[in-house]
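Enquirer: build me a model:
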Amino acid sequence: MMSAIVIIVSGIVAMFVALIGLETYSRYKLKRKVIDNWGKQPYQSHLDKEESLNQAWQIEKGFRHWDSEVDELTWHDLDMFEIFKLINGTYSSVGSEALYQQLRNFNFAKDQELEDLIDFFEENPKMQQEIQYNYARLGKQDNNFTKQYLASGQREQLGTFWLYVALGVLPIISLLLLLIIGPVALLLFIGAMVFNIIFYMYKKVRLEIELNSMRYLVQTIVLTKKLCKLKTPLQAEMKQNFQPLKGIAMWGFSFRIKGNTEADVLFDYLNMMFMIPFIAYNFVLTRLSKYNQQAINLWEALGKMEVAIAVLNFRIYVPLSCQPQLKTGGVVAENIYHPLVNGPVANPVEWQKNILVTGSNASGKSTYVRSIAISAILAQTINTALAESFTIQAGHVITSMAVEDNVIEGDSYFVAEIKSIKRLLDQVATSQRCYCFVDEILKGTNTIERIAASSSVVNWISAYPSLAFVATHDIELTEILKTKCDNLHFEEQVTEEQGVNFDYQVRQGPATTRNAIALLKVLGYPETLVKQAQSEAEYFDKHRTWTVFE
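Expert: Residues are numbered from 1 along each chain as shown. As a prediction, the model looks like this:
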């Protein structure tokens, strides 16, 4: 009898020794990864899909408020999800969801708490590494449903609580009975384990989503328990909100973040034998519903901390960045650039009144406009501008650029375009400061109506405390709006030897040259066609009317 007990106990001890060894090695590899990746552009895994991040953000908007929001069209126009990827040096979904929200919403006052955290981690690199390592141990899980738990505070329990407790303790009772009734208890122990495993797997198929989402939530509480021991600027706040939730952390061993290691397989069998996840799920739900606000506060602090580390990493590896100044006026910057362009050309910005920027296609005007819009958002969301210096008065940022027709709603290109600009005008009409960026304004209609409507739109905006930055091919606008707007332009050089060449440098004043016809010649268009086009353009410049082909 004693030999059977010794064998069982020895097997359990060996299993735990193996688990400890495997866990130690995996932690070492993870820590090296965190250290080696610091100060570099983040590697983007298959996780952090925008659908999942956006869903979590939509839920979070139900229990938080901000002064401004980057709407879907602006987010799309500026490729802001690609900007998010450049910044996203997070290791957990808590951090990546918080970063996504940080870039979608902002207040009109500087986020001093974020800046204090960034300063702290810059001054304490060992602490930064330790905290990143703990976030990396938590890991990422798309569609983790944590925000749903926080929003509602409760969800339906998983069946009868006491049934799971009875099944869970049955294998333990069977082991104790070995000393009393002998081999019969051993058969009872084996039968209890087999039944529990089969029952667990049957129930798990139906409850996989609930268990996976609860797993991530519980492991986040376990992470908080560790971070509360570290002397960070948020330590006191985190301790206060963690206190009523600390009972949840004791279930962390059951709700491990799973991989494909041997340790994970062994842990899963232990959970099956003792029904631990089902018991824990119901306990956690009760505690979370009772202390819902503390849980929301805790997740906000956890997210803010990892966002601060990611922003610091971003500032380190980008070619040039600065902390912006928020003060009354327009936008003033030195050496601003677009982060998604390889080898970008930096340009100055002096934007105190509405601006028209002209120039040919591919000359750089659209990139320039986008670079200003991107830094206007980053300056107000993560206290970071992609420039040598950047000054801005707080305000909304809204664009109308990459307009597309909408087949589902039956909108033509022009209808989609005027709807896009209408939402911009609605924002301006609130009389709050708004930075409006428009690329090729109203290009979906004929020349006469386009110029008439475009000039009226810009003139209307000038009556409000907002600023418009408009890229256009219509030189006529620079004359019509010369008292309402400053003018900038980009140039290119066209030669037969080198073709078209751009320097991407912004210049004062409206564009004064037209090189499209010259480019036709360089590209080998028929000589008679090119000469006729030149003649027609010269005639129009002189008479302001067109000749009729005969």
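
Enquirer: in the stretch 401-550 of the chain, which spans are helices?
Expert: 413-428, 447-461, 475-480, 516-522, 527-543 (DSSP state H, counting those that start in this stretch).

Enquirer: counting by contacts, list what the first one packs against.
Expert: Using 3 or more Cβ pairs under 8 Å, 6 or more residues apart in numbering; DSSP states H and E as the contact criterion, the elements in contact with helix 413-428 are strand 396-400, strand 434-439, helix 447-461. Where C-beta positions appear, they are placed from N, C-alpha and C, glycine not excepted.

Enquirer: residues near residue 96, how many?
Expert: Residues near residue 96, counting by other Cβ atoms under 10 Å, number 26.

Enquirer: next, the contact list for it, please.
Expert: With contact set as Cβ atoms under 8 Å, 6 or more residues apart in numbering, residue 96 has these partners: 47, 48, 53, 88, 90, 140.

Enquirer: same thing but 10 Å
Expert: Residue 96 sits next to 47-48, 52-53, 56, 84, 87-90, 140, 142, 303, 306-307, 310 when contact means Cβ atoms under 10 Å, 6 or more residues apart in numbering.

Enquirer: again with residue 72
Expert: 54, 104.

Enquirer: residue 123 and residue 79, how far apart?
Expert: Distance of residue 123 to residue 79, given as Cβ to Cβ, to the nearest Å: 33 Å.

Enquirer: who has more neighbours, the two?
Expert: Looking at residue 123 and residue 79 with other Cβ under 10 Å, you find the greater number of neighbours at residue 79, namely 16 against 9.

Enquirer: thought that one was touching residue 370?
Expert: Yes: counting by Cβ atoms under 10 Å, residue 370 is a contact partner of residue 79 at 8.1 Å.

Enquirer: before we move on, which element is residue 109 in?
Expert: Following DSSP states H and E, there is no helix or strand that holds residue 109.

Enquirer: what is the neighbour count of it?
Expert: Residue 109: 10 neighbours (other Cβ under 10 Å).

Enquirer: that one and residue 394 touch, don't they?
Expert: Yes: if you go by Cβ under 10 Å, residue 109 and residue 394 touch, sitting 7.3 Å apart.

Enquirer: can you check which residues contact both of the two?
Expert: Shared contacts of residue 109 and residue 394 (Cβ under 10 Å, 6+ apart): 67, 326, 380.

Enquirer: and residue 193, how close does it get to residue 173?
Expert: Taking Cβ to Cβ, one finds residue 193 at 12 Å from residue 173.

Enquirer: try residue 100
Expert: 49 Å.

Enquirer: residue 457 too?
Expert: Distance from residue 457 to residue 173, by Cβ to Cβ: 79 Å.

Enquirer: in the stretch 201-350 of the chain, which spans are strands?
Expert: 325-326, 331-336, 347-351 (DSSP state E, counting those that start in this stretch).

Enquirer: no, scratch that, I was asking about the stretch 1-150 of the chain
Expert: 68-69, 105-106.

Enquirer: just those strands: most buried one?
Expert: strand 105-106 (a mean of 22; mean count of other Cβ atoms under 10 Å).

Enquirer: distance from the chain centre to that one, please.
Expert: In terms of Cα atoms, centre = their mean, to the nearest Å, the centre of strand 105-106 is found 12 Å from the chain centre.

Enquirer: given it, what are its sheet partners and their directions?
Expert: strand 68-69 (antiparallel) (DSSP bridges).

Enquirer: if you average pLDDT per helix and strand, which one of this protein comes out bottom?
Expert: helix 262-274 (a mean of 63; mean pLDDT, DSSP states H and E).

Enquirer: what's the spacing between residue 127 and residue 538?
Expert: 70 Å.

Enquirer: closest to residue 414 out of the strands of the stretch 1-150 of the chain?
Expert: For these, proximity to residue 414 was assessed by Cβ to Cβ; strand 68-69 is nearest, at 26.5 Å.

Enquirer: can you tell me the closest non-neighbouring residue to the most centrally placed residue in the chain?
Expert: For the chain, the residue nearest the mean C-alpha position is residue 100 (2.8 Å; Cα atoms, centre = their mean). Leaving aside its chain neighbours, residue 100 sits nearest to residue 53 (4.2 Å; criterion: Cβ to Cβ, 6 or more residues apart in numbering).

Enquirer: what does the pLDDT read for that neighbour?
Expert: Predicted confidence (pLDDT) for residue 53: 96.

Enquirer: what's the answer for the one 10 residues further on, then?
Expert: According to the predicted model, the pLDDT of residue 63 comes to 85.

Enquirer: same question, residue 526
Expert: 91.

Enquirer: go ahead and confirm residue 321 touches residue 375.
Expert: Yes: if you go by Cβ under 10 Å, residue 321 and residue 375 touch, sitting 9.3 Å apart.

Enquirer: related to what we said a few turns ago, I'd say the residue nearest to residue 100 and residue 102 touch.
Expert: No: taking Cβ under 10 Å as the definition, residue 53 is not a contact partner of residue 102, at 11.3 Å.

Enquirer: per-residue pLDDT, residue 219?
Expert: On pLDDT, residue 219 comes in at 85.

Enquirer: what about it, distance to residue 226?
Expert: Distance from residue 219 to residue 226, by Cβ to Cβ: 11 Å.

Enquirer: which neighbours do these two share?
Expert: 137, 138, 249.

Enquirer: highest neighbour count among these?
Expert: residue 138 (22 neighbours).

Enquirer: and this structure, split by domain according to the record?
Expert: The chain breaks down by automatic domain parsing into domains covering 1-317, 325-508, 514-550.
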